[in-house]
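1. Curious how this folds, go ahead:
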Amino acid sequence: MRIAVVFASLFAAAWVLATPKPSALDFRDIAAQSGLTGRNVYGGLKHKDYILETTGNGAAIFDYDGDGRSDIFIGNGSTLDASQSGVHPHLQLYRNEGKGRFTDVAVKAGLTAEGWAQGACVGDYDNDGHPDLLVTYFGHNILYRNRGDGTFEDVTEKAHLPVTGTRYGSGCTFLDYDRDGYLDLFVSNYVDLDLANTPRPGKGGYCEWKGIPVMCGPRGLPLAHNILYHNNGNGTFTDVSEKSGILKPGGRYSLGAVTADFDNDGWPDLYVACDMTPSLLFHNLHNGTFEERGVEAGVAYNFDGQLQAGMGVAVADYDGDGRLDIAKTNFSGDLSSLFHNDDGKFFTDVSREAGLGVHQFLGWGAAFIDVDDDGWPDLIEANGHVYPEVEGKQLGDTYYQPTLLYQNLGNGKFRDITESAGTGFRTPRPSRGLAIGDLDGDGRPEIVLVNMNSTPTLLHNFAPPSGHSLNVSLTGTKSNRSAIGALVTVTAGGRKRVSSLLGGSSFYSQNSFTLHFGVGPCTRVDQLEVRWPNGLAQSWTNVGTDRTVRAVEGRDKLEEIPFENAGQQ
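-> The predicted structure is shown next:
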């Protein structure tokens, strides 16, 4: 394993301030005071009779109305309990009003569908400058086209996406797999679920856990198959799952999905976290097809060659060697996976050596986020059990579990700093989706958590900045307008930091498209390089920090937007 021999943890040199000395991190949940008060509804509260009630929802952070402020989308579910048949939860779209306030405008914006929503992904599929939204469902997925006037239109049928039949859609990601300038769409499917023929808790071979009857699955239930839709460039899509090679590996219990260029060949690959089936790595062959090589590459199983119940996935160059690595959350009793990218083709599971074996909670959403701006991406994980029945049973597991924060020490290792990161991290929750993005203009990403059968969490860091940073926003012209698949390199203080604009990721979620780079004590960035999705490379020198820069493909000058420092709540 190649590890950058640089130790840059700013925790060892926390700010020297007047007594009492504040923590270097002070994350608190400000969801309620910010207006994020909509309740998630997802199956039973104390009992889950079917697997459909357990997976929950994702979140997406994106500027849907083009006002320069990031907004928040959160999915919602339903219930199978006949006594609650009058409950009709809807999707949530929180418009950022500025000054730390949000308003749910989902119905006004046209997001009125009900049912068992799952994940969400964002991308400007028609290149009109307005980001569109795909919501996966148990049933059929819905593609919402952004009209550019603050409203969305359901164009699923018009776009030639299925509107009949039943699929258990899970993770999704937009990507331009053939680099034609139009975003294609990958959707993972979890289980080929037929509720009428699914056993009740305790009535089948995989319907009991630690001696208590629980919902059945996924083992014992029919496998599902993933789908790739090609963008025809005229507002419609064509299912190319078979001819592209996506169907060749056979069925899986697929959940989180992400697209990234893992071998640095300029073409987007796909990674899919799978539950109790081998996870998938689709290598892009540059000719409209993919080769699945998860087992060969070392990312299908854990370090012992054992199957894992993979849930969410995060991607970053955590050790500064210029290659994108993979983190994956797993089921209770297993540690999270950290697959180090050795040479672009092969990975090594270094989860134990890296220090991720401290806890073995049931993980869902995950993201790399530089919380202390030292230039080393830290790792956050959302947790929560699938079985509410374990609560109070003294089985060594709890339904409500803490969100974890691992600090990147800059030497290939991580340290659990959950207890010292603020009250927002110490609160146990039944979390699922997780998304990150700067919501208040202070230059530092906030963290949104989707909590099952509860209200959302919005974590904001109240501590003073520990270092300088640069945010990078991208607009494609010849490439897809969203610039999904772009690779950005920031050089400062003699060190390179690499990040990619990802489609999908976390669990069922979409992070902000604005990339955040911590640069520690540096007040200038020596060089900013962008490799656009179509292969064009551009660079800029001597870029000031503590601001957002917007790079437009083919344009010589950057637009620089100073941080508003609006984050002081």
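2. Confirm for me that G119 is in contact with C172.
-> Yes: here G119 reaches C172: they are 5.5 Å apart, a contact under Cβ atoms under 8 Å. All C-beta spots, glycine's among them, are computed from the backbone N, C-alpha and C.
3. between the two, which one's more packed in?
-> G119 (35 against 29; other Cβ atoms under 10 Å).
4. Pull the number of nearby residues for the residue nearest to the more buried one when sequence neighbours are not counted.
-> Nearest residue to G119, sequence neighbours excluded (Cβ to Cβ, 6 or more residues apart in numbering): Y508, at 3.1 Å. Y508 has 37 neighbouring residues, counting by other Cβ under 10 Å.
5. Touching, Y508 and A117? I think so.
-> No: the criterion here is Cβ under 8 Å, and Y508 misses it with A117 at 9.2 Å.
6. just for this structure, where's the confidence low?
-> Across the chain, the ranges flagged by pLDDT under 70 are 1-23, 82-86, 565-569.
7. partners of the spatially most central residue of it in the sheet?
-> By Cα atoms, centre = their mean, the mean C-alpha position of the chain lies nearest to S506, the distance being 2.5 Å. When assigned by DSSP bridges, S506 has beta-bridge partners V313.
8. how about the strands in the stretch 451-569 of the chain?
-> Per DSSP state E, counting those that start in this stretch, the stretch 451-569 of the chain carries strands over the ranges 457-461, 468-475, 487-492, 495-500, 503-504, 515-520, 524-531, 537-544, 547-552, 559-562.
9. Give me the buried positions along stretch 60-67.
-> By neighbour count on 16 or more other Cβ atoms under 10 Å, the buried set for stretch 60-67 is A60, I61, F62, D63, Y64, D65.
10. Switch those residues over to JSON lines; also include secondary structure.
-> JSON lines is the format used below for the buried residues of stretch 60-67 (DSSP: H, G, I helix; E, B strand; the rest coil):
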{"residue": "A60", "secondary structure": "strand"}
{"residue": "I61", "secondary structure": "strand"}
{"residue": "F62", "secondary structure": "strand"}
{"residue": "D63", "secondary structure": "coil"}
{"residue": "Y64", "secondary structure": "coil"}
{"residue": "D65", "secondary structure": "coil"}
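11. got any residues that touch both of G119 and C172?
-> Common contacts of G119 and C172, defined by Cβ atoms under 8 Å, 6 or more residues apart in numbering, comprise T136.
12. Pull the contacting residues for H140.
-> H140 sits in contact with T156, L161, P162, V163, T164, G165, T166, R167, G169, where contact means Cβ under 8 Å, 6+ apart.
13. if we go to 7 Å?
-> Counting by Cβ atoms under 7 Å, 6 or more residues apart in numbering, H140 touches P162, V163, T164, G165, R167.
14. Partner strands of the helix or strand where L133 lies, with direction?
-> Assigned by DSSP states H and E, L133 falls within strand 132-139. Sheet partners assigned to strand 132-139 using DSSP bridges are listed as strand 116-123 (antiparallel), strand 142-146 (antiparallel), strand 167-175 (antiparallel).
15. N451: which of the ones you listed is closest?
-> strand 116-123 (15.0 Å; Cβ to Cβ).
16. and the closest one, how far from the chain's centre?
-> 11 Å (Cα atoms, centre = their mean, to the nearest Å).
17. now what about that strand, what contacts it?
-> For strand 116-123, using Cβ under 7 Å, 6+ apart, the contacting residues are 52, 55, 57-58, 60, 62, 73, 75-78, 91, 131-139, 169-174, 183, 482, 484, 503-504, 508-510.
18. can you check stretch 127-135 too?
-> 60, 62, 64, 66, 73, 75, 117, 120-125, 141-146, 148, 152, 172, 182, 185, 480-482.
19. and if you look at stretch 68-79?
-> 40-43, 57-65, 87, 89-96, 98, 102, 114-118, 120, 133, 135, 437-439, 448, 450, 456, 512.
20. rewinding a little: next, the contact list for the residue nearest to G119, please.
-> Going by Cβ under 7 Å, 6+ apart, the list of residues near Y508 reads N57, G58, Q118, G119, A120, S170, G171, G256, R432, G433.
21. rerun that using 6 Å as the cut-off
-> By Cβ atoms under 6 Å, 6 or more residues apart in numbering, the contact list for Y508 reads G58, Q118, G119, G171, G433.
22. Now render the strands of the stretch 451-569 of the chain as CSV, adding distance to P377.
-> Output for these, formatted as CSV (distance: least, Cβ to Cβ, whole Å):
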stretch, distance to P377
strand 457-461, 15
strand 468-475, 12
strand 487-492, 12
strand 495-500, 8
strand 503-504, 18
strand 515-520, 8
strand 524-531, 17
strand 537-544, 20
strand 547-552, 18
strand 559-562, 23
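23. Need the winner for burial among these.
-> strand 503-504 (a mean of 32; mean count of other Cβ atoms under 10 Å).
24. Listing partners with orientation, what would you give for that one?
-> Sheet pairing for strand 503-504, using DSSP bridges, gives strand 254-260 (antiparallel).
25. what's downstream of the partner strand, the next helix or strand?
-> Next helix or strand after strand 254-260 toward the C-terminus (DSSP H and E): strand 269-274.
26. Could I get the buried residue list for stretch 473-486?
-> Neighbour count says stretch 473-486 has 473-477, 479-486 buried, by 16+ other Cβ under 10 Å.
27. one step back: can I get the buried part of the contacts of stretch 127-135 as one ChimeraX selection?
-> Restricted to buried positions by 16+ other Cβ under 10 Å, the ChimeraX selection for these reads:
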select :60,62,64,73,75,117,120,121,122,123,124,125,141,142,143,144,145,146,152,172,182,185,480,481,482
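28. From the chain's centroid, how far away is the helix or strand hosting E291?
-> Assigned by DSSP H and E, E291 belongs to strand 290-292. Centroid displacement of strand 290-292 relative to its chain, using Cα atoms, centre = their mean, is 23 Å.
29. which ones are touching C522?
-> Contacts of C522 by Cβ under 6 Å, 6+ apart are H468, A492, G493.
30. Provide a list of residues in contact with the closest residue to it other than its chain neighbours.
-> Excluding the flanking residues, the one nearest C522 by Cβ to Cβ, 6+ apart is A492, at 4.2 Å. Contacts for A492 (Cβ under 6 Å, 6+ apart) come out as V519, C522, V525, D526.
31. with those in mind, which one is nearest to D373?
-> V519 (7.1 Å).
32. Tell me the bridge partners for the residue lying closest to the closest one once chain neighbours are set aside.
-> Closest residue to V519 apart from its sequence neighbours, by Cβ to Cβ, 6+ apart: A492 at 4.3 Å. Beta bridges link A492 to R495, judged by DSSP bridges.
33. what are the phi and psi angles of A196?
-> With angles defined as degrees, to the nearest 10, A196 sits at phi -70, psi -20.
34. circling back: dump the strands paired with strand 132-139 into CSV; add distance to L335 as well.
-> Shown next, in CSV, are the strands paired with strand 132-139 (distance: least, Cβ to Cβ, whole Å):
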stretch, distance to L335
strand 116-123, 24
strand 142-146, 36
strand 167-175, 21
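35. Which of these sits closest to M311?
-> strand 167-175 (9.7 Å).
36. List every C-alpha atom in the closest one, with coordinates, as CSV.
-> Extracted C-alpha coordinates of strand 167-175, given in CSV (Å, rounded to 0.1, in the frame of the first residue of the first chain):
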residue,chain,number,x,y,z
ARG,A,167,-38.9,-2.9,-9.1
TYR,A,168,-37.2,-2.3,-5.8
GLY,A,169,-35.1,0.7,-7.0
SER,A,170,-32.3,1.5,-4.6
GLY,A,171,-29.1,3.5,-5.4
CYS,A,172,-28.7,5.6,-8.6
THR,A,173,-26.2,7.7,-10.3
PHE,A,174,-26.0,9.9,-13.4
LEU,A,175,-22.9,9.4,-15.5
